[in-house]
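# I need the structure of the sequence given here:
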Amino acid sequence: MNPIEVTRSLRNSIVNYLLTTFDVNRDGTQAKLHDDLRLAFKSHDSLVKGPFLELTPPYVKGCSLRALVEDGVVEPQLLDLDCFRRGRPIPPDVPLYAHQEAAIRKLSAEHRSIVVSSGTGSGKTETFLIPILNDLLIDSTPGVRALLIYPLNALVNDQLDRLRDLLRGTEITFGRYTSELENKTSDAVKRLRGIDIPENEVISREQIRRENKIPQILITNYAMLEYLLLRPEDSVLFNSGAWRFIVLDEAHTYTGAKGIEVSMLLRRLKLRLGKHPGDIRCGVEARGKTCPTAAGSRPRSRWPGSAGSSCRRTRRLSRSGRR
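Okay, here's the model as predicted:
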């Protein structure tokens with residue numbers, strides 16, 4: 001993409017739109033005014049400034065996933081999964097970013113909670129996904145193992161598509177629980193017709209409530225989590241499973257009253273599960289420095305992911321790892 005050509009094309013499109021919308025020469029008597037307007041609109045900095053180019057330095061590199069296996073941080077079986085053989089989500093021999101390596105070590109080896117505050121495209125998803133998969137390979141106990149909370153259903157669906165690709169052919173069960181989850185399996189099959197759904201995906205509420213097919217990786221939003229805690233028919237989700245991970249994505253959006261509500265919601269969840277501080281590893285992700293624990297500040301007990309957790313056992317990994 002040529003930024004200069006794109007800027008020129010956008011400027012011309014805006015000028016044409018304005019001259020068409022406000023056609024002063026509609027009756028053919030104001031040709032001079034029409035030409036003067038076009039020249040004015042096309043003059044430098046009249047409508048569009050720039051283009052501005054930003055040079056983004058690369059993130060500092062760490063060791064590879066295979067090196068973490070050799071160090072005993074993650075299990076060798078992790079690399080035997082079909083997704084890693086295909087180089088997804090990360091090729092085993094490609095160096096991780098330093099913040100990815102640090103996060104995996106903290107979650108998998110030290111059993112600590114983390115806050116990852118980094119830019120888009122920096123691999124924040126892998127910082128919690130790899131430790132969760134590693135834990136499920138060590139202990140395959142049925143029931144919910146990890147809860148992934150997103151603020152929007154669109155983000156839930158995006159993560160669901162990602163897990164379909166990564167977990168296809170494995171025995172790790174996963175699924176979303178949002179308003180889009182069908183009540184009956186037959187309705188879900190009709191709705192998902194044409195989509196290659198793996199057998200280990202939970203596609204209906206009927207599978208959870210009657211067939212006891214519980215997703216080990218459960219994806220939802222904070223509004224639906226509120227309903228799940230209230231409805232007796234969904235109590236099976238909280239009565240089984242090891243419940244070792246809670247991931248709160250897009251944490252920078254949980255500000256003000258919403259942040260307080262989500263914090264209290266997570267406290268209720270941990271109380272329902274009978275968990276004590278340190279029993280659940282929390283992964284909190286935020287873009288840039290908008291996270292409540294931004295660079296230069298100390299972790300506080302009032303950000304949503306730390307509800308009921310010990311901040312002394314929480315490690316913040318920020319985007320400062322660039323060079």
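
# By mean pLDDT, flag the weakest helix or strand of the chain.
When the helices and strands of the chain are scored by mean pLDDT, DSSP states H and E, strand 314-318 comes last with a mean of 61.

# Can you list the strands that the helix or strand Val247 falls within pairs with?
Using DSSP states H and E, the secondary-structure element containing Val247 is strand 245-248. Sheet pairing here is set by DSSP bridges, and for strand 245-248 it gives strand 146-150 (parallel), strand 281-287 (parallel).

# which stretch in the ones you listed is the model least sure about?
Mean pLDDT across those is lowest at strand 281-287; the value there is a mean of 87.

# What mean pLDDT does stretch 253-260 get?
This predicted structure assigns stretch 253-260 an average pLDDT of 92.

# Same check on stretch 203-223?
Here the mean pLDDT over stretch 203-223 is 96, rounded to a whole number.

# Tell me the buried residues in that stretch?
Within stretch 203-223, the residues that count as buried by 16 or more other Cβ atoms under 10 Å are 203-209, 213-222. For glycine as for every other residue, the C-beta is placed from the backbone atoms N, C-alpha and C.

# Extract the C-alpha trace of that stretch and format it as CSV.
The C-alpha trace of stretch 203-223 is given here as CSV (Å, rounded to 0.1, in the frame of the first residue of the first chain):
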residue,chain,number,x,y,z
ILE,A,203,-22.9,-26.2,20.3
SER,A,204,-26.0,-26.1,22.4
ARG,A,205,-27.3,-25.5,25.9
GLU,A,206,-28.9,-29.0,25.8
GLN,A,207,-25.5,-30.6,25.6
ILE,A,208,-24.4,-28.8,28.7
ARG,A,209,-27.6,-29.2,30.8
ARG,A,210,-28.7,-32.7,29.8
GLU,A,211,-25.7,-34.5,28.2
ASN,A,212,-23.2,-33.1,30.7
LYS,A,213,-20.9,-32.1,27.8
ILE,A,214,-19.1,-29.3,29.6
PRO,A,215,-16.6,-27.1,27.7
GLN,A,216,-13.2,-27.2,29.3
ILE,A,217,-12.5,-23.8,27.7
LEU,A,218,-15.7,-21.6,28.1
ILE,A,219,-16.0,-18.4,26.2
THR,A,220,-18.6,-15.8,27.2
ASN,A,221,-19.2,-12.1,28.0
TYR,A,222,-19.7,-10.5,31.3
ALA,A,223,-23.4,-10.0,30.9
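
# just to revisit the earlier point, which other residues reach the strand holding Val247?
Residues external to strand 245-248 that are found in contact with it (Cβ atoms under 8 Å, 6 or more residues apart in numbering): 107, 128, 131-132, 135, 145-149, 254, 262, 266, 269, 280-285, 304-305.

# Let me know the next secondary structure element after that strand.
Sequence order places helix 256-273 as the next helix or strand after strand 245-248, per DSSP H and E.

# so where's the protein uncertain?
Judged against pLDDT under 70, the low-scoring parts of the chain cover residues 288-323.

# Kindly state the domain boundaries assigned to it.
In the assignment given by automatic domain parsing, the structural domains of the chain cover 3-42, 109-318.

# ok, what's across the strand from Asn221?
Here Asn221 sits in beta bridges with Tyr150, as judged by DSSP bridges.

# who are the neighbours in contact with it?
Remark: with contacts taken as Cβ under 8 Å, 6+ apart, Asn221 is in contact with 149-153, 156, 178.

# How about the contacts made by the closest residue to Leu269 other than its chain neighbours?
With Cβ to Cβ, 6 or more residues apart in numbering as the measure, Leu229 is the residue that lies nearest to Leu269, at 6.6 Å, once sequence neighbours are left out. Counting by Cβ under 8 Å, 6+ apart, Leu229 makes contact with 238, 265, 268-269, 272.

# Can you tell me the SS state at Glu5?
Following DSSP: H, G, I helix; E, B strand; the rest coil, we place Glu5 in the helix state.

# Look up phi and psi at Lys61.
phi -90, psi 150 (degrees, to the nearest 10).

# again, but for Gly175
For Gly175, the backbone dihedrals are phi 180, psi 160 (criterion: degrees, to the nearest 10).

# Any idea which residue is closest to the centre of this protein?
The centroid of the chain falls nearest to Asp249 when counting by Cα atoms, centre = their mean (4.9 Å).

# That one against Leu152, yeah?
No. Asp249 sits out of contact with Leu152 when judged by Cβ atoms under 8 Å, with a separation of 9.8 Å.

# residues shared between the contacts of the two?
Here Asp249 and Leu152 have no joint contacts, going by Cβ under 8 Å, 6+ apart.

# Any idea how far stretch 43-57 is from the middle of the chain?
Centroid displacement of stretch 43-57 relative to its chain, using Cα atoms, centre = their mean, to the nearest Å, is 31 Å.

# With only the CA atoms kept, save it in CSV.
Output of stretch 43-57 as CSV, limited to C-alpha atoms (Å, rounded to 0.1, in the frame of the first residue of the first chain):
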residue,chain,number,x,y,z
SER,A,43,-5.1,23.3,-1.6
HIS,A,44,-2.6,22.0,0.9
ASP,A,45,-4.0,21.1,4.3
SER,A,46,-7.5,22.4,3.5
LEU,A,47,-9.3,19.1,4.1
VAL,A,48,-6.6,16.5,4.7
LYS,A,49,-3.4,16.7,6.6
GLY,A,50,-0.5,14.3,6.2
PRO,A,51,0.1,11.5,5.4
PHE,A,52,1.8,10.8,8.7
LEU,A,53,4.1,7.8,8.9
GLU,A,54,4.9,6.1,12.1
LEU,A,55,7.8,3.7,12.5
THR,A,56,7.0,1.0,15.0
PRO,A,57,10.0,-0.7,16.4
